[in-house]
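Peer 1: Could you look at this predicted model? Sequence included:
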Amino acid sequence: MSLWWGLPFLGILLSIATGPLLYPHFWEHHYGKITFGWTLIILVAMLFSFGTPATLEAVLHAVLLEYLPFIILLFALFTIAGGIVITGNIHGTPLTNVVLLVIGALLASVVGTTGASMILIHPIIRANDNRPFNAHVIVFFIFLVSNIGGSLTPLGDPPLFVGFLRGVEFFWTTEHLLTETLFVATLVLGVFFILDLVLHIREDGLPKIKDPTPDTRVGLRGLVNVPLLACVIGAILMSASWKPGVEFSVAGVHVELQNILRDLIILCCALISFKVTPRLLRRANEFSWAPILEVAKLFAGIFIAIVPVVAILKAGEGGALSGLVALVTAPDGQPNDLAYFWLTGVLSSFLDNAPTYLVFFELAGGDPHHLMTAGASTLAAISSGAVFMGANTYIGNAPNFMVYAIARGRGVAMPSFFGYMLWSGAVLMPVFLLAGFLFF
């Protein structure tokens, strides 16, 4: 297959990257149609080139084994986390902000970066809404809670769940990315504390701003959702450990019983959460179905359009992407982990990090057993690059733009797209350079 087969996939990713920035109003109303158009191109081309049976099997494989489990988990985490509300308010001192960021980063690997961002973005805005300098707090919130903190489990960030669906063990990332995550998160948090402390001292000489949300006792509501989150985690662990050997064939695609049961349990947890959580709590979180609906439509197209790209990558040095293979291969034929880290990361900064992870996962051979053992350093480079560097732009990871929109709507003077990149370039790039040198 030639590189022409990758154009619809590239078209979807470029549409996602440019739509919200260059033509936001048109994109907001027609992103589903745009995605469907690119998807239709690849489907028609596959039908004419390979026939109905082969095309149907390829599409069903992508939908049943990858897309549906992926979107069901995101839907569940989004719904359940959206019912957990932190009430009250505290004063946003540098130490308080560090504690909130640490809690958010830890939470991100449990309820996902989207879930953690939804739960904590409103409390951290309230805590700092009487400070003249507060945009940097949200920028570092995106760095740590919406991205870096989600690197320790498949629940944390979409690319890691894609890896889990491909056969990577649930706790593999916890074991192999813990040191890298602690190193990167500690350095970024240290930079934040110094910066916030300097700005907090400067604010003492400025006119006081009346606090629009005075400090009140902090509380946690929607606790009925906590056991539902535990149930979701239990369902994923069950599917990873219980192998009854029962499977069903759908047009040549084999679906295993434990995975069907996992997805049904996760879906039921989401529906129960929606039913039992009072609407007042979801309104307090400014809960809306729009973000998850957008993700569902976009990723339906991505998972289908990436099918030919994966096939090309599986051809390795004999395929149309042999040049990319050469970039990540050392002269002795071994994988160049540093190249994997940076290429995965840079592309994840501008394209969605889940499909970017999948591309380099396949480029590294696509065999989870090899990548978890002999190729562990390569898989760690791909995983950390995809998760960490999703923080480099507003569009690198799904929660980034959501947090930006919420903060801007609450009156925070957020930096522009390129202004944010100045922040990430100044803070994150030196940290990633150091991490790449030390670990890869």
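Peer 2: Perfect, I can see it now.

Peer 1: ok, residues contacting stretch 50-58?
Peer 2: Outside stretch 50-58, the residues that touch it by Cβ atoms under 8 Å, 6 or more residues apart in numbering are 43, 46-47, 251-253, 307. Using the backbone N, CA and C atoms, a C-beta is placed for each residue, glycine as well.

Peer 1: could you say which helix or strand contains Gly112?
Peer 2: helix 94-127 (DSSP states H and E).

Peer 1: pLDDT (mean, whole number) over that helix?
Peer 2: Averaged across helix 94-127, the pLDDT comes to 90.

Peer 1: do stretch 186-197 as well
Peer 2: 96.

Peer 1: Next: stretch 152-159.
Peer 2: On average, stretch 152-159 scores 88.

Peer 1: try stretch 132-149
Peer 2: Mean predicted lDDT for stretch 132-149 stands at 94.

Peer 1: swap in stretch 304-314?
Peer 2: 83.

Peer 1: to the chain's geometric centre, what's the distance from the helix holding Gly112?
Peer 2: 15 Å (Cα atoms, centre = their mean, to the nearest Å).

Peer 1: For it, which helices and strands make contact with it?
Peer 2: Contacts defined by 3 or more Cβ pairs under 8 Å, 6 or more residues apart in numbering; DSSP states H and E place helix 94-127 against helix 68-81, strand 85-89, helix 135-144, helix 172-203, helix 225-241, helix 398-409.

Peer 1: Mind listing what's buried along the second one?
Peer 2: By neighbour count, and taking 16 or more other Cβ atoms under 10 Å as the criterion, the buried residues in strand 85-89 are 85-87, 89.

Peer 1: TSV for the residues you listed, including distance to Leu7 and pLDDT?
Peer 2: TSV is the format used below for the buried residues of strand 85-89 (distance: Cβ to Cβ, whole Å; pLDDT from 0 to 100):
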residue	distance to Leu7	pLDDT
Val85	44	84
Ile86	45	81
Thr87	49	79
Asn89	50	74
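
Peer 1: Go through these and name the one nearest Gly333.
Peer 2: Nearest to Gly333 out of those is Ile86 (Cβ to Cβ; 52.0 Å).

Peer 1: distance of that closest one from Leu321?
Peer 2: 46 Å (Cβ to Cβ, to the nearest Å).

Peer 1: Would you agree Thr329 is in contact with Asn336?
Peer 2: Yes - under the contact definition of Cβ atoms under 8 Å, Thr329 touches Asn336, with a separation of 6.2 Å.

Peer 1: picking that back up, could you export the contacts of stretch 50-58 as TSV, including neighbour count and distance to Leu7?
Peer 2: Converted to TSV, the contacts of stretch 50-58 look like this (neighbours: other Cβ atoms under 10 Å; distance: Cβ to Cβ, whole Å):
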residue	neighbour count	distance to Leu7
Leu43	18	14
Met46	20	13
Leu47	14	17
Ala251	11	26
Gly252	12	27
Val253	18	26
Val307	19	13
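
Peer 1: Where strands are concerned, which of those count?
Peer 2: Val253 (DSSP state E).

Peer 1: Cross the contacts of stretch 50-58 against helices and list the overlap.
Peer 2: Among these, the members falling in helices (DSSP state H) are 43, 46-47, 307.

Peer 1: Surely Ala339 forms part of a helix?
Peer 2: Yes - assessed with DSSP: H, G, I helix; E, B strand; the rest coil, Ala339 lies in a helix.

Peer 1: from what I can see it touches Val328, true?
Peer 2: Yes - with contact defined as Cβ under 8 Å, Ala339 reaches Val328; the gap is 4.6 Å.

Peer 1: ok now the strand or helix carrying Leu358, how far from the chain's centre?
Peer 2: Element membership of Leu358, judged by DSSP H and E, is helix 353-363. Relative to the chain's own centre, helix 353-363 is displaced by 13 Å; criterion: Cα atoms, centre = their mean.

Peer 1: what's next to the helix or strand following it, contact-wise?
Peer 2: Next helix or strand after helix 353-363 toward the C-terminus (DSSP H and E): helix 368-372. Contacts with helix 368-372, where a contact means Cβ under 8 Å, 6+ apart, come from 163, 166-169, 172, 361, 364-365, 378-379.

Peer 1: List the buried residues in helix 368-372.
Peer 2: For helix 368-372, by 16+ other Cβ under 10 Å, it's 368, 371-372.

Peer 1: and the angle for the helix holding Leu358 with helix 68-81?
Peer 2: Between helix 353-363 and helix 68-81, the angle comes out at 150 degrees (axes from the mean of the first three to the mean of the last three Cα atoms, to 10 degrees).

Peer 1: Other residues contacting helix 353-363?
Peer 2: Contacts of helix 353-363 (Cβ under 8 Å, 6+ apart): 9, 13, 70, 157-163, 166, 299, 302-303, 306, 309-310, 313-314, 321, 324-325, 328, 340, 343-344, 347-348, 371, 379, 382-383, 385-387, 389-390, 396-397.

Peer 1: at 6 Å instead, please
Peer 2: Residues from elsewhere that reach helix 353-363, judged by Cβ atoms under 6 Å, 6 or more residues apart in numbering: 158-159, 162, 302, 306, 310, 313, 344, 347-348, 382, 386, 390, 397.

Peer 1: what do you get for stretch 66-82?
Peer 2: 111-112, 114-115, 118-119, 161, 165, 225, 228-229, 232, 263, 266-267, 269-270, 273-274, 282, 285, 287, 292, 296, 303.

Peer 1: at 8 Å instead, please
Peer 2: 111-112, 114-116, 118-119, 155, 158, 161-162, 165, 225, 228-229, 232, 236, 259, 262-263, 266-267, 269-270, 273-274, 282, 285, 287, 291-292, 295-296, 299-300, 303-304, 354.

Peer 1: So Leu120 is in contact with Val99, correct?
Peer 2: No - with contact taken as Cβ under 8 Å, Leu120 and Val99 are classed as non-touching, separated by 11.1 Å.

Peer 1: In terms of packing, which of the two has more residues around it?
Peer 2: Per other Cβ atoms under 10 Å, whichever of Leu120 and Val99 has more neighbours is Leu120, with 24 against 12.

Peer 1: separation between that one and Gly83?
Peer 2: Relative to Gly83, and taking Cβ to Cβ, Leu120 is found at 14 Å.

Peer 1: Phe417 too?
Peer 2: 31 Å.

Peer 1: which one of those two has more residues nearby?
Peer 2: Gly83 (26 against 13).

Peer 1: List the contacts of the closest residue to that one other than its chain neighbours.
Peer 2: Ranked by Cβ to Cβ, 6 or more residues apart in numbering and with sequence neighbours excluded, the top spatial neighbour of Gly83 is Thr277, at 3.5 Å. Thr277 is in contact with 83, 222, 224-225, counting by Cβ under 8 Å, 6+ apart.
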